[in-house]
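Visitor: I'll drop the sequence and a predicted model, then ask my questions.
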Amino acid sequence: MPTVAPLDLTGHIVTAAFIGDTPFFANANGTIHRLDGGEKVTEAHEGLLICIRDPHSQSLLSGGEDGKVLRIAADGSITIIAEAPRKWITQLAAGPQNAVAYAHGKSTVVVLADGSTKEFAESRTVEGIAFAPKGLRIAAARYNGVSLHWVATPGQPVELEWKGAHTSVTFSPDNRFVVTTMQESALHGWKLDVKPGSETRHMRMTGYPAKVKSLSWSPKGKWLASSGAPAAIVWPFSSKDGPMGKAPQELGTRANIMVTSVAFHPAEEILAIGFVDGMILGARLADGKEALLRRPGKGAITSMGWSGNGKLLAFASEAGDCGVVDISA
């Protein structure tokens with residue numbers, strides 16, 4: 001079995017992620033912990049609500065109850081990106097060219113590298129945001145669908161409509177699909193690469209017993225893994241129409257113990273699967289082969305993040321029992 005280096009923190013840990021070879025753990029109380037020659041702590045927020053790894057730079061982005069959007073560097077130093085007094089920052093996205101987006105209420109705000117901002121008003125409260133992998137384009141999930149905005153050029157947004165509450169949004173790495181999680185324990189997707197003037201095709205991905213809280217794309221975007229069932233539900237996206245008319249794979253099935261977090265390996269089609277009881281499994285898509293990465297712990301797995309070389313996996317739980325798994329051991 002791989003070796004596990006445990007780290008016991010107090011409280012709900014929102015995010016586990018690597019910057020380089022250093023694991024970071026973001027605590028809901030507003031502190032950021034990193035294992036860098038011992039445990040080091042950065043006081044970031046008065047109540048942390050969201051923390052994400054910026055895939056375009058060696059940093060994390062965080063938002064809090066104090067209305068601040070922060071960038072946290074590998075050495076733990078902090079830069080304030082934006083401040084929205086009396087607002088709770090629950091949505092964040094990292095874009096190309098050092099762009100950062102955050103949302104509050106019915107507004108999506110994009111902060112560009114030069115510090116200038118663009119604000120986009122939505123018809124309903126913004127529940128999730130994401131940048132497209134190519135071009136400076138942002139998606140905002142809301143009630144009854146998603147709005148797509150080009151950041152640099154004025155014009156009307158593209159509206160992707162589907163009735164119901166959409167709670168988060170993601171683009172496929174190849175830019176061909178947009179997928180949302182929904183309040184009703186389902187995913188919904190739209191195909192973007194349609195001929196101009198023709199209607200956007202969409203797809204429903206249903207059958208989940210619980211709400212989907214975690215999504216992860218495989219390295220080349222052929223698969224989308226999701227939580228919300230007693231197995232990781234992995235949808236195929238390699239064909240022209242993605243998962244339309246296709247059944248998903250189920251990995252790491254455990255009778256009635258729910259998957260709470262999923263994280264694809266950065267280079268291989270191997271999926272880390274975290275469960276409500278704190279167990280973590282590794283599963284290979286090609287043959288479904290499984291390996292136990294961590295035995296059950298004190299609380300549900302809330303987040304997992306791979307190191308750049310894919311040899312280490314940081315994990316966090318809602319009970320504060322965190323750690324790093326060395327899969328090369």
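Guide: Everything's here; your move.
Visitor: which residues in the stretch 151-300 of the chain form strands?
Guide: When secondary structure is read from DSSP state E, counting those that start in this stretch, the stretch 151-300 of the chain shows strands at 158-171, 177-182, 186-191, 201-205, 215-217, 223-226, 232-236, 249-251, 259-264, 270-275, 280-284, 290-294.
Visitor: closest one to I89 among these?
Guide: With C-beta to C-beta, the closest approach to I89 among those belongs to strand 158-171: 15.1 Å. The way it works is simple: take the backbone N, C-alpha and C, and place the C-beta from them, glycine included.
Visitor: Reformat the strands of the stretch 151-300 of the chain as JSON lines; add mean neighbour count, mean pLDDT and distance to I80.
Guide: Converted to JSON lines, the strands of the stretch 151-300 of the chain look like this (neighbours: other C-beta atoms under 10 Å; pLDDT from 0 to 100; distance: least, C-beta to C-beta, whole Å):
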{"stretch": "strand 158-171", "mean neighbour count": "18", "mean pLDDT": "95", "distance to I80": "25"}
{"stretch": "strand 177-182", "mean neighbour count": "26", "mean pLDDT": "97", "distance to I80": "30"}
{"stretch": "strand 186-191", "mean neighbour count": "22", "mean pLDDT": "95", "distance to I80": "35"}
{"stretch": "strand 201-205", "mean neighbour count": "17", "mean pLDDT": "90", "distance to I80": "38"}
{"stretch": "strand 215-217", "mean neighbour count": "21", "mean pLDDT": "98", "distance to I80": "29"}
{"stretch": "strand 223-226", "mean neighbour count": "24", "mean pLDDT": "98", "distance to I80": "34"}
{"stretch": "strand 232-236", "mean neighbour count": "23", "mean pLDDT": "97", "distance to I80": "37"}
{"stretch": "strand 249-251", "mean neighbour count": "19", "mean pLDDT": "96", "distance to I80": "40"}
{"stretch": "strand 259-264", "mean neighbour count": "26", "mean pLDDT": "98", "distance to I80": "29"}
{"stretch": "strand 270-275", "mean neighbour count": "26", "mean pLDDT": "98", "distance to I80": "32"}
{"stretch": "strand 280-284", "mean neighbour count": "22", "mean pLDDT": "97", "distance to I80": "34"}
{"stretch": "strand 290-294", "mean neighbour count": "17", "mean pLDDT": "96", "distance to I80": "35"}
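Visitor: and the ones you listed as JSON lines, adding distance to E83?
Guide: Shown next, in JSON lines, are the strands of the stretch 151-300 of the chain (distance: least, C-beta to C-beta, whole Å):
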{"stretch": "strand 158-171", "distance to E83": "24"}
{"stretch": "strand 177-182", "distance to E83": "28"}
{"stretch": "strand 186-191", "distance to E83": "33"}
{"stretch": "strand 201-205", "distance to E83": "37"}
{"stretch": "strand 215-217", "distance to E83": "29"}
{"stretch": "strand 223-226", "distance to E83": "34"}
{"stretch": "strand 232-236", "distance to E83": "38"}
{"stretch": "strand 249-251", "distance to E83": "42"}
{"stretch": "strand 259-264", "distance to E83": "30"}
{"stretch": "strand 270-275", "distance to E83": "33"}
{"stretch": "strand 280-284", "distance to E83": "37"}
{"stretch": "strand 290-294", "distance to E83": "38"}
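Visitor: And those strands: which comes nearest H56?
Guide: strand 158-171 (13.9 Å).
Visitor: mind listing what that closest one pairs with, with the direction of each?
Guide: strand 137-150 (antiparallel), strand 177-182 (antiparallel) (DSSP bridges).
Visitor: if you compare these, which one is most tucked away?
Guide: strand 177-182 (a mean of 26; mean count of other C-beta atoms under 10 Å).
Visitor: Strand 186-191 and that one, what's the angle between them?
Guide: 160 degrees (axes from the mean of the first three to the mean of the last three C-alpha atoms, to 10 degrees).
Visitor: how's the chain carved up into domains?
Guide: Per automatic domain parsing, the structural domains of the chain span 1-44+208-329, 90-206.
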